[in-house]
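In: What follows is a predicted structure for the sequence shown.
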Amino acid sequence: MLVVDTWQYFMHRYMHHNKFLYRHFHSQHHRLVVPYSFGALYNHPVEGLLLDTVSGVLSFLISGMSPRTSICFFSFATIKTVDDHCGLCLPGNLFHVFFQNNSAYHDIHHQLYGSKYNFSQPFFVMWDKILGTHMPYSLEKRVDGGLEARPAKD
């Protein structure tokens, strides 16, 4: 998890700061201002290679996990990523119980005011906190029902 998170944080952040990479590759994923589950994997093939495939290969090689373990781990990571983009904060969701990096956290990143924050994915938020790109949020009730993730007021 640490290897995947480290690679994806730095590559994801670099894609936001490098105008060429953002314009030609990562901006496709950010066309989704309101994320939905299957949009998690809506990205340019080059981005998929640089973010997902390389982080997967590195974590597989560095950790020494078996092929069977890797199938379970990468299936879990994919399901977690899809949940992070679902836009729902459902009661009892174990991903929200065990991980601070969840759908509300990632929704902030997909908003126009949050595109330079909350780069961490898919498990932990440590790199955002260490490197000053963490944008805390609060869940506020919407007039028409449900909750909305908003930047926390200081």
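Out: Done, it's in. Numbers count the residues shown, from 1 in each chain.

In: what sits against Gln28?
Out: For Gln28, the residues meeting the contact criterion (C-beta atoms under 8 Å, 6 or more residues apart in numbering) are 42-44, 47. For glycine as for every other residue, the C-beta is placed from the backbone atoms N, C-alpha and C.

In: Count the neighbours of Pro122 for me.
Out: 26 (other C-beta atoms under 10 Å).

In: Hmm, it is touching Ile79, no?
Out: No: judged on C-beta atoms under 8 Å, Pro122 makes no contact with Ile79 at a distance of 9.6 Å.

In: show me the contacts for the residue most central in space within the chain.
Out: Geometric centre of the chain, nearest residue: Gln121, 3.6 Å, by C-alpha atoms, centre = their mean. By C-beta under 8 Å, 6+ apart, Gln121 lies in contact with 5, 8-9, 12, 81, 84, 101, 106.

In: Asp128: which of these is nearest?
Out: Tyr9 (7.4 Å; C-beta to C-beta).

In: how would you label the residue nearest to the centre of the chain: helix, strand or coil?
Out: Here Gln121 is recorded as coil under DSSP: H, G, I helix; E, B strand; the rest coil.

In: Please tell me how far it sits from Asp128.
Out: Using C-beta to C-beta, to the nearest Å, Gln121 is found at 10 Å from Asp128.

In: if I look at those two, which residues touch both of them?
Out: Contacts common to Gln121 and Asp128, judged by C-beta under 8 Å, 6+ apart, are Tyr9.

In: Can I get the longest helix anywhere in the chain in CSV, CA atoms only?
Out: Determined from DSSP state H, the single longest helix within the chain is helix 67-84. What follows is helix 67-84, C-alpha atoms only, in CSV (Å, rounded to 0.1, in the frame of the first residue of the first chain):
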residue,chain,number,x,y,z
PRO,A,67,0.8,-13.8,-7.8
ARG,A,68,-2.2,-14.9,-5.8
THR,A,69,-1.6,-12.2,-3.2
SER,A,70,-1.2,-9.6,-6.0
ILE,A,71,-4.6,-10.6,-7.5
CYS,A,72,-6.3,-10.0,-4.2
PHE,A,73,-4.4,-6.8,-3.5
PHE,A,74,-4.9,-5.2,-6.9
SER,A,75,-8.6,-6.2,-6.9
PHE,A,76,-9.0,-4.6,-3.5
ALA,A,77,-7.1,-1.4,-4.8
THR,A,78,-9.4,-1.2,-7.8
ILE,A,79,-12.6,-1.6,-5.8
LYS,A,80,-11.3,1.0,-3.4
THR,A,81,-10.5,3.4,-6.3
VAL,A,82,-14.0,2.9,-7.7
ASP,A,83,-15.5,3.6,-4.3
ASP,A,84,-13.4,6.8,-3.9
